[in-house]
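Asks: give me coordinates for this.
(chains A, B and C)
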Amino acid sequence: MPELPEVELVARSLDQLVSKRKIIVAELLRERLAPANPPAEFAARLKDATITRVHRRGKHILFELDNAETLIAHLRMSGRFMLLPVERELPKYSHAVFYFEDEMRLVFQDQRHFGFMRVVETANLSETKELKKLAPEPFSDDFNARYFRDVLKTSKKNIKEFLLDQTKVLGLGNIYASEALFLAKVNPQIAANEISTRKANVLFAKIRDVLAESIAHGSTLNVNPENIDGSYYGGGYENHWRVYDREKEPCGNCAGAIKRIVQGGRSTYFCPRCQPK
DNA sequence: ACCCTCACCTGCACGC
DNA sequence: TGCGTGCAGGTGAGGG
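Replies: Numbering: from 1, shown residues only, chains lettered A, B, ... in the order given. Model (predicted):
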C-alpha cells in the first residue's frame, strides 16, 4: 500500500530491528514472490548471511548482506514485514520467512500477492531492471527544478498519471500525487508538457513538501515490530489528507466541494475551484 | 518508443 | 442473508 514515505519508515524500522542479525534459515514459501530465484537458490544465497543494513531506493526495500548479495523487496499494495517469535503461528499469506539466531523470525506477509523479492549481487544492484530506470531520489540534488521542468516536457500524459511514473518522478503514489497537485493548485487533467514554468517550479517544491511532511510525521511514530507496515493510516493520519478520499467534502481553501475523477483507472481527488484548468 | 488495457490477488463496503 | 459490483496506498507484460 505504501508510497515512498511509508517505505522509508519501513526501511528505517527494519534497519533498527534486523541489521547485524544473521539469517540462519531463509524460506521462500510462495515461489512466485521471487520468480527469479527458485526456493532452493533463494534459501542458499541468504543462509548464514548477516544483514549489514536496510535502506531503500524508491519504493524498493534493500537488505544489504555481508556475503555480497542484496535482497530487494517491494511491498506493492499490501506487503508488510513482521518480526515475530518463532513460536508464534505464521499469519495467513506469509510468503517468505527469515530465521535469526535468537528464536525470532522476520515474516513477509502479503494478502494481495502483488509484492516481490529478488536476490541480486550487490555489485550489480544499480543495474538491475528493478532499479536502473528509476528517476532520481526526490531529496537528491539530481531531482531539482530544472530536471523536473525538463522531464515534464517529455510527456503529453495528464499530470496526475505522469506523477505516478517512477521513471520520471520517484516516490509519489496515488495519495500524494493528488495531494501535491492540490498544494500546487495544478489541475490533474492538464498535460504534463502544458504546465507553465512557474507552475512546474511550484509543483516541484510541493512534491518534496508532501513527501517530507509525511516522512517527518512517520518518524514520530512508534513502529510495532510485529507489524512493520509503515501505515500511518488508521492512526489518524488520514486527517492530514487535504483532498484524497474526501469526495464531496469542503475544500480547506475555498470550501467548494472536492471532486473525484478516474484517471488511468485510479481515483484522483481535487478541488475544481482551486485547481482550475 | 509510445500509449492503452489487462493482469496479478484478496477482502471489504455498498446496494439490491 | 446473500450476491453482485466496485474499490483498495503498485507496477509489469503484452498488444496496437
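
Asks: please count neighbours and contacts with C-alpha atoms only from this point.
Replies: Will do.

Asks: which positions in the stretch 151-277 of chain A make contact with DNA strand C?
Replies: By the rule C-alpha under 7 Å from any atom of the strand, the part of the stretch 151-277 of chain A lying against DNA strand C is A:164-166, A:172-175, A:230-233, A:266-267.

Asks: could I get those as TSV with distance to residue A:122?
Replies: Below are these laid out as TSV (distance: C-alpha to C-alpha, whole Å):
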residue	distance to residue A:122
A:164	27
A:165	25
A:166	22
A:172	26
A:173	27
A:174	31
A:175	32
A:230	25
A:231	29
A:232	31
A:233	33
A:266	35
A:267	37
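
Asks: what's the spacing between the closest residue to DNA strand C within chain A and residue A:138?
Replies: Nearest to DNA strand C, among the residues of chain A, is residue A:173, at 3.2 Å (C-alpha to the nearest atom of the strand). Between residue A:173 and residue A:138 the computed distance is 13 Å (C-alpha to C-alpha, to the nearest Å).

Asks: quickly find the element holding residue A:71.
Replies: According to DSSP states H and E, residue A:71 maps onto strand A:69-74.

Asks: sorry, wrong one. I was asking about residue A:53.
Replies: Element membership for residue A:53, per DSSP H and E: strand A:51-57.

Asks: show me what whatever helix or strand comes next after that strand is packed against.
Replies: Next helix or strand after strand A:51-57 toward the C-terminus (DSSP H and E): strand A:60-65. The contact analysis (3 or more C-alpha pairs under 8 Å, 6 or more residues apart in numbering; DSSP states H and E) places strand A:60-65 against helix A:4-18, strand A:51-57, strand A:69-74.

Asks: what's the angle from strand A:60-65 to strand A:69-74?
Replies: Inter-element angle recorded for strand A:60-65 and strand A:69-74: 160 degrees (by axes from the mean of the first three to the mean of the last three C-alpha atoms, to 10 degrees).

Asks: my read: residue A:210 touches residue A:180, true?
Replies: Yes. Taking contacts as C-alpha atoms under 8 Å, residue A:210 lies within contact range of residue A:180: 6.3 Å.

Asks: neighbour count winner among these two?
Replies: Per other C-alpha atoms under 10 Å, whichever of residue A:210 and residue A:180 has more neighbours is residue A:180, with 26 against 19.

Asks: out of the helices and strands packed on strand A:60-65, which gets nearest to residue A:272?
Replies: Evaluated over the helices and strands packed on strand A:60-65, closeness to residue A:272 peaks at helix A:4-18, with 26.8 Å, by C-alpha to C-alpha.

Asks: what residues of that closest one count as buried?
Replies: Across helix A:4-18, burial judged by 16 or more other C-alpha atoms under 10 Å covers A:4-15, A:18.

Asks: could you pick out which of those residues are near DNA strand C?
Replies: Answer for the buried residues of helix A:4-18 near DNA strand C (C-alpha under 7 Å from any atom of the strand): residue A:6.

Asks: format the buried residues of helix A:4-18 as JSON lines; extra columns: distance to residue A:133.
Replies: Compiled in JSON lines, the buried residues of helix A:4-18 are given as follows (distance: C-alpha to C-alpha, whole Å):
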{"residue": "A:4", "distance to residue A:133": "16"}
{"residue": "A:5", "distance to residue A:133": "20"}
{"residue": "A:6", "distance to residue A:133": "21"}
{"residue": "A:7", "distance to residue A:133": "19"}
{"residue": "A:8", "distance to residue A:133": "19"}
{"residue": "A:9", "distance to residue A:133": "23"}
{"residue": "A:10", "distance to residue A:133": "23"}
{"residue": "A:11", "distance to residue A:133": "21"}
{"residue": "A:12", "distance to residue A:133": "24"}
{"residue": "A:13", "distance to residue A:133": "26"}
{"residue": "A:14", "distance to residue A:133": "25"}
{"residue": "A:15", "distance to residue A:133": "25"}
{"residue": "A:18", "distance to residue A:133": "28"}
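
Asks: what's the closest of the buried residues of helix A:4-18 to residue A:101?
Replies: Nearest to residue A:101 out of these is residue A:18 (C-alpha to C-alpha; 11.3 Å).

Asks: now the closest one, nearest residue through space, not along the chain?
Replies: The shortest distance from residue A:18 to any non-neighbouring residue, by C-alpha to C-alpha, 6 or more residues apart in numbering, is to residue A:51 (6.9 Å).

Asks: please consider this matter closed, and thank you.
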